[in-house]
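S.K.: Got a predicted structure plus its sequence, pasted below:
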Amino acid sequence: MSQTTTQQAEAAATAALAPEQMDVLDQLMKPEIQESLTVLVANLPKLAEMTTILTKTYDLVQTVANDQVLIQDLKGGMEEFVKPIQDKAKGIAQAAIEANDRSHVESSTIGLFGMLKMLKDPQVQKTLRFAQAFLEVLAEREQQKR
């Protein structure tokens, strides 16, 4: 009789469970789910430690993200770093535009003696040394690839 009562109690408890709860119970009966739960339980101390570290990291990021003074300082630091580069790039671009305009305005041809005269210019010499070194580096890299 007690066995019948127990079975009736289990049937009543099972009938009282919602379909979602039945799905969870069905899932828990699978061996691979049970193995996964065993692994999770075995690694709970590590998971707790990781959760603590992640929580601290999250709190730090939230503090930094909401600190307007720090954000303004970082912004100012970046501007100080980028400003000289930006100014130099603008100067080079302006020089290139001006040189292009001058080259279109002047229609005179440069002869042999004009080129020889240009070779004495220190800027031309500097540019030629750079071009020569650049081509040598490219040649060395090409040799290394082979």
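M.R.: Nice, I can see it.

S.K.: Give the next helix or strand downstream of the longest helix along the chain.
M.R.: Secondary structure assigned by DSSP state H gives helix 68-105 as the longest helix of the chain. Sequence order places helix 112-119 as the next helix or strand after helix 68-105, per DSSP states H and E.

S.K.: and that next one, what other elements does it pack with?
M.R.: On a contact count with 3 or more Cβ pairs under 8 Å, 6 or more residues apart in numbering; DSSP states H and E, helix 112-119 meets helix 122-145. In short, each C-beta sits where N, CA and C put it, glycine included.

S.K.: What is the helix it packs on packed up against?
M.R.: Helix 122-145 packs on helix 112-119, going by 3+ Cβ pairs under 8 Å, 6+ apart.

S.K.: ok, back up a step: distance from the chain centre to the longest helix of the chain, please.
M.R.: In terms of Cα atoms, centre = their mean, to the nearest Å, the centre of helix 68-105 is found 24 Å from the chain centre.

S.K.: repeat for stretch 107-126
M.R.: For stretch 107-126 - counting by Cα atoms, centre = their mean - the centre lies 47 Å from the chain centre.

S.K.: what's next to it, contact-wise?
M.R.: Here stretch 107-126 makes contact (Cβ atoms under 8 Å, 6 or more residues apart in numbering) with Leu128.

S.K.: Pull out the buried residues from that stretch.
M.R.: Using 16 or more other Cβ atoms under 10 Å as the test for burial, stretch 107-126 gives no buried residues.

S.K.: what about it, how long is it end to end?
M.R.: When the termini of stretch 107-126 are compared using Cα to Cα, to the nearest Å, they are 25 Å apart.

S.K.: Quick one: mean pLDDT over that stretch.
M.R.: Mean pLDDT, stretch 107-126: 89.

S.K.: any idea how far Lys90 is from Gly77?
M.R.: As for Gly77, its distance to Lys90 is 21 Å (criterion: Cβ to Cβ, to the nearest Å).

S.K.: ugh, wrong one, I meant Val41
M.R.: Remark: distance between Val41 and Lys90 (Cβ to Cβ) = 63 Å.

S.K.: Distance check, Leu119 against Leu128.
M.R.: Taken as Cβ to Cβ, the span from Leu119 to Leu128 is 8 Å.
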